[in-house]
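Colleague: Sequence and computational prediction follow.
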Amino acid sequence: MKLTALIGAVNESTWEHLKIGFWPAFIFGIIEYFSYGKKIKNFFFAKMVNFYAIPILITLLFYGYTAFMEDNLFLDILIFIISIIVAYLLGYKILMFEKSFLKYKNLAIALIIVEIFAFSLFSYFPPQNFLFLDPLTGTYGIIK
């Protein structure tokens, strides 16, 4: 098994493209934690929202526009950028929110761990679902 498949795209499926948004955000989240996150009560909840919003927004916007028109590389890149900006704005709002989400810290950490496992393992063991289907090869997961 290719170890790089844990964090890198292994085919042209939607799922593998979502990894390109998740992993840099996660790595940046680690940097943020050690830079300022230890001092902010809502940090983990904000990061969980951030990490989930990116793939959800990308998926909704991508399948939303491709339902009405052909896939367009410019729009794909624009959707990627917009999704990251919106996700980070959501996270920022939660970081600055006066209400404390501290009681959800453990749930947020658990959901982040679930997402890490999903983005790591589904390249090796993909569900037979349209999100995981490589439209170029008609295969799922790592091409052998």
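Modeller: Alright, I've got the coordinates. Residues are numbered from 1 along each chain as shown.

Colleague: which regions of this structure lie under the pLDDT threshold?
Modeller: 1, 143-144 (pLDDT under 70).

Colleague: What segments of it are helices?
Modeller: Ranges of helices in the chain, per DSSP state H, are 14-35, 43-66, 73-96, 105-121.

Colleague: most packed of those?
Modeller: Stretch with highest mean neighbour count among the helices of the chain: helix 43-66 (a mean of 20; mean count of other C-beta atoms under 10 Å). In short, each C-beta sits where N, CA and C put it, glycine included.

Colleague: Just the CA atoms from that one would do, formatted as PDB, please.
Modeller: The C-alpha coordinates for helix 43-66 follow below in PDB (Å, rounded to 0.1, in the frame of the first residue of the first chain):
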ATOM      1  CA  PHE A  43     -10.600  26.500  19.400                       C
ATOM      2  CA  PHE A  44     -11.500  22.800  18.900                       C
ATOM      3  CA  PHE A  45     -15.100  23.500  18.100                       C
ATOM      4  CA  ALA A  46     -14.100  26.200  15.600                       C
ATOM      5  CA  LYS A  47     -11.600  23.900  13.900                       C
ATOM      6  CA  MET A  48     -14.100  21.000  13.700                       C
ATOM      7  CA  VAL A  49     -16.600  23.300  12.000                       C
ATOM      8  CA  ASN A  50     -13.800  24.600   9.700                       C
ATOM      9  CA  PHE A  51     -12.600  21.100   8.800                       C
ATOM     10  CA  TYR A  52     -16.100  19.800   8.100                       C
ATOM     11  CA  ALA A  53     -17.300  22.900   6.300                       C
ATOM     12  CA  ILE A  54     -14.600  22.700   3.600                       C
ATOM     13  CA  PRO A  55     -15.600  19.300   2.100                       C
ATOM     14  CA  ILE A  56     -19.300  19.900   2.600                       C
ATOM     15  CA  LEU A  57     -19.200  23.300   0.800                       C
ATOM     16  CA  ILE A  58     -17.100  22.000  -2.000                       C
ATOM     17  CA  THR A  59     -19.400  19.000  -2.500                       C
ATOM     18  CA  LEU A  60     -22.600  21.000  -2.500                       C
ATOM     19  CA  LEU A  61     -21.300  23.800  -4.700                       C
ATOM     20  CA  PHE A  62     -19.700  21.400  -7.200                       C
ATOM     21  CA  TYR A  63     -22.600  19.000  -7.600                       C
ATOM     22  CA  GLY A  64     -25.000  22.000  -7.500                       C
ATOM     23  CA  TYR A  65     -23.500  23.700 -10.500                       C
ATOM     24  CA  THR A  66     -22.700  20.500 -12.400                       C
END
